[in-house]
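In: starting from these lines, generate the structure:
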Amino acid sequence: MLVAAAACPCPPLLVPEVAAGAAAELDAARAACADALGVLAAARPDRLVVVGPAAPDGRGAHPQGARGSFRGFGVDLDVRLGPDGDPAPERALPQSLAVAAWLLERTGWADAPIEGLGVGEPLAPERCIEVGREIGARAARTALLVMGDASACRTLKAPGYLDERAAPFDARVAHALGSADLAALAALDVELAQELKASGRAPWQVLAGAAEGADLTGTLLYEDAPYGVGYLVAAWS
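Out: Residues are numbered from 1 along each chain as shown. Okay, the predicted model is just below:
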């Protein structure tokens, strides 16, 4: 059963070495992520599952010890999803899980075994819910770290330019994450999320499936749209 969950954004800019001179602009988001991970640790789970959006080459399971890198952003920085596995996995972590691995290393996570799951953004809501249910049923006490960004269309300089639908979409997601509203997360529209470049839609719907019957309450810890991209942090316990 799911005993706790955290939702965090997954921009590489969360990593100070990547953000460089702009690192301080996301200090509040980093602090909120650390607080959310603290909620996971306090739940004393038997297992942590990290879920995030992934391109086709990063979809599927990533075992403990899987490695990721930020070298594509000009930074000589490698990360690992928990302690080394045996043998060391060869497939690299997708970007979202690499950011998660950095967050976990930063907070010194050592409370439970870890596994990663990359999900494709087009994955149908029904399948996301099904995957979540499977995660929630696999261990006595499971915690979930869900990575994903809201819309990327909040301003004229945003990656997806300005779309008037973006702010209302992000507000709905923020309310759903902050109130642990499973029905609202499950109802997120796939096509609209894709048009708004909201990478978190599928992972959030996996969370909705995993949390069924868990009776968790949510707290929204951070909500902002720096660089025109919606970043949300929430904790469920």
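In: now the strands for the protein?
Out: 2-8, 47-53, 60-62, 67-69, 78-80, 114-119, 142-147, 218-224, 231-236 (DSSP state E).
In: let's have those in JSON lines, adding mean pLDDT and distance to residue 18.
Out: C-beta coordinates here come from the backbone N, C-alpha and C atoms, glycine included. Formatted as JSON lines, the strands of the chain follow (pLDDT from 0 to 100; distance: least, CB to CB, whole Å):
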{"stretch": "strand 2-8", "mean pLDDT": "98", "distance to residue 18": "16"}
{"stretch": "strand 47-53", "mean pLDDT": "97", "distance to residue 18": "16"}
{"stretch": "strand 60-62", "mean pLDDT": "95", "distance to residue 18": "20"}
{"stretch": "strand 67-69", "mean pLDDT": "94", "distance to residue 18": "11"}
{"stretch": "strand 78-80", "mean pLDDT": "94", "distance to residue 18": "12"}
{"stretch": "strand 114-119", "mean pLDDT": "96", "distance to residue 18": "20"}
{"stretch": "strand 142-147", "mean pLDDT": "97", "distance to residue 18": "15"}
{"stretch": "strand 218-224", "mean pLDDT": "98", "distance to residue 18": "18"}
{"stretch": "strand 231-236", "mean pLDDT": "98", "distance to residue 18": "15"}
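In: nearest approach to residue 33 belongs to which of the ones you listed?
Out: strand 2-8 (4.7 Å; CB to CB).
In: quick one: that closest one to strand 231-236, angle?
Out: Strand 2-8 and strand 231-236 meet at an angle of 170 degrees, taking axes from the mean of the first three to the mean of the last three CA atoms, to 10 degrees as the criterion.
In: so what strands line up beside strand 2-8?
Out: If you go by DSSP bridges, strand 2-8 pairs up with strand 142-147 (parallel), strand 231-236 (antiparallel).
In: next one: it to chain centre, how far?
Out: Averaging C-alpha positions (CA atoms, centre = their mean, to the nearest Å) puts strand 2-8 10 Å from its chain's average.
In: got it, and stretch 41-57?
Out: For stretch 41-57, the distance to the chain centre is 8 Å (CA atoms, centre = their mean).
In: related to what we said a few turns ago, will you turn the strands paired with strand 2-8 into TSV that also has distance to residue 203 and mean neighbour count?
Out: As requested, the strands paired with strand 2-8 are arranged in TSV below (distance: least, CB to CB, whole Å; neighbours: other CB atoms under 10 Å):
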stretch	distance to residue 203	mean neighbour count
strand 142-147	5	28
strand 231-236	12	27
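In: now those strands in a markdown table, with distance to residue 29?
Out: What follows is the strands paired with strand 2-8, written out as a markdown table (distance: least, CB to CB, whole Å):
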| stretch | distance to residue 29 |
| --- | --- |
| strand 142-147 | 13 |
| strand 231-236 | 6 |
